[in-house]
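K.L.:
what's the 3D shape of this:
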Amino acid sequence: RYFEKILDTIIWLNKLEIQRSNFLEIIKLILLHSDEQVILGGGVTEKPLAEYLINNLSSSRVIDKTGATSLPELVELISSSKLVITNDTNSVHVAAACGIPCVCILGGGHFKRFLPYPDSFRTKPVSVFKELPCYNCYWVCHLEVKGGEAFYCIAQVSVEQVWAEVSVQLNIVY
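P.N.:
Numbers count the residues shown, from 1 in each chain. Predicted coordinates for the structure are as follows:
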């Protein structure tokens, strides 16, 4: 096996993801309210986001695996985790297939095409979103999106919304 049974929280980064300051706040909340180790994952293009997060966190409980996992390693890493936090990317579907709880920060580009999963699915990710009239734009956003910023629909998902779901999945009571 590539990884031992780690039972940690995986945060899989993606360039369409929430604003980096929001990601930072979610990780800080996990570190503050739990003993979880947080593993950052993603492709090579997510490395700058991971570096921003690492540089703004002073915790040995955050491990950076961005750009360092093959597809089989990703599957094993996710299948050995307690929770995955991501957006509409392959990791959300891998988590669902492995039966691992997942909180998915969902934008409107392909809303209901891939996520949220239908109610009939036994194992499904928790999708966190704020539905807007412009949903299903196929990521051709009519609103101004500056380089490096999240799409408007993703930026509307608050830290509080995501944390509410993450804290339930990690059984955090405070």
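K.L.:
Where does I54 sit, in terms of helix or strand?
P.N.:
I54 is located in helix 47-55, with elements delineated by DSSP states H and E.
K.L.:
For that helix, which helices and strands make contact with it?
P.N.:
Packed against helix 47-55 by the contact rule (3 or more C-beta pairs under 8 Å, 6 or more residues apart in numbering; DSSP states H and E) you find helix 20-33, strand 38-41, strand 62-64. Every residue, glycine included, has its C-beta placed from N, CA and C.
K.L.:
and I172, which of those is closest to it?
P.N.:
helix 20-33 (4.8 Å; C-beta to C-beta).
K.L.:
Show me what the closest one is packed against.
P.N.:
strand 9-12, strand 38-41, helix 47-55, helix 159-169.
K.L.:
Select, out of those, the one closest to A97.
P.N.:
strand 9-12 (14.3 Å).
K.L.:
ok, back up a step: ok, which of the helices and strands packed on helix 47-55 comes nearest V103?
P.N.:
The nearest among the helices and strands packed on helix 47-55, by C-beta to C-beta, is helix 20-33 at 9.2 Å.
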